[in-house]
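Participant: Give me the fold of what follows.
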Amino acid sequence: MFKITAISLLLVGSLSSCEEKEKGEEIPFIEIWRCIELCKDGCDKQNRVISSQEEWETFLTDVDLESCRRWADDSPWDFFSKMENDFDVYQRIVAIDVLGTPCGKGFEITKITDYPKKVVVTVTETVSKGAIDFGYCQHHHIVKIPVTNKRIEFNHIIKQKK
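Facilitator: Numbers count the residues shown, from 1 in each chain. Down below sits the predicted model:
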C-alpha cells in the first residue's frame with residue numbers, strides 16, 4: 001500500500017513540474033509606443049492587457065498622456081488617434097514604470113513567451129550607476145500581439161548595468 005501511494009505522489013509531482021519546465025515559444029510583437037516622458041502628474045506603475053477599443057479609450061483617459069511631453073515628434077493623442085482599431089486580431093500589452101524613475105534607466109518589453117496555459121511578458125529594467133535624474137520621468141512601452149485566450153502574466157527583470 002505504501003509503495004503505491006509513494007509512486008502516485010511521485011507521478012503527480014512529476015506531472016506538475018513538467019509544465020514548469022516546458023519550453024515556451026517566443027511570440028513576435030509589434031511595437032506601438034516606447035518612450036520616456038517628462039510628466040507633471042503621470043500615472044501609477046502598471047501592466048495591462050487591452051482587448052477592446054473601449055478598454056483602450058479608458059486606458060488613454062486614465063493615463064492622461066496630455067500631462068506628459070514625449071521625446072518625439074507626434075503628440076500622444078495625435079499618434080493614438082491615427083491607430084487602426086484592430087482588436088479582433090491583436091491585443092495591446094502595456095507596461096508603465098513608476099513616475100520619478102531616473103531618465104537614464106532602461107525600461108522595455110523584451111520578450112513575450114507562449115506556454116501551454118499562459119503567456120509571459122518579460123519587462124526588463126536596466127539601471128545604470130549614476131543614472132541621470134533630471135525630472136519626473138515615466139517610462140512607457142506598448143506593444144501588440146495576436147489575440148490569445150490564455151492568461152497573461154508579467155515578469156519584471158531588473159539588471160544592474162556597470
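
Participant: The helix or strand hosting Glu54: which residues count as buried?
Facilitator: Assigned by DSSP states H and E, Glu54 belongs to helix 53-63. Neighbour-count burial for helix 53-63 flags 56, 59-60, 63 (criterion: 16 or more other Cβ atoms under 10 Å). Quick note: C-beta positions are derived from backbone N, CA and C, even for glycine.

Participant: What mean pLDDT does it get?
Facilitator: Regarding helix 53-63, the rounded mean pLDDT is 83.

Participant: May I have that helix as CSV, with CA atoms only?
Facilitator: C-alpha atoms of helix 53-63 as CSV (Å, rounded to 0.1, in the frame of the first residue of the first chain):
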residue,chain,number,x,y,z
GLN,A,53,-11.5,49.7,-28.2
GLU,A,54,-13.4,50.6,-25.0
GLU,A,55,-10.6,49.4,-22.8
TRP,A,56,-8.1,51.3,-25.0
GLU,A,57,-10.0,54.5,-24.6
THR,A,58,-10.3,54.0,-20.9
PHE,A,59,-6.6,53.4,-20.6
LEU,A,60,-5.8,56.6,-22.6
THR,A,61,-8.1,58.6,-20.3
ASP,A,62,-6.7,57.0,-17.1
VAL,A,63,-3.0,57.6,-18.1
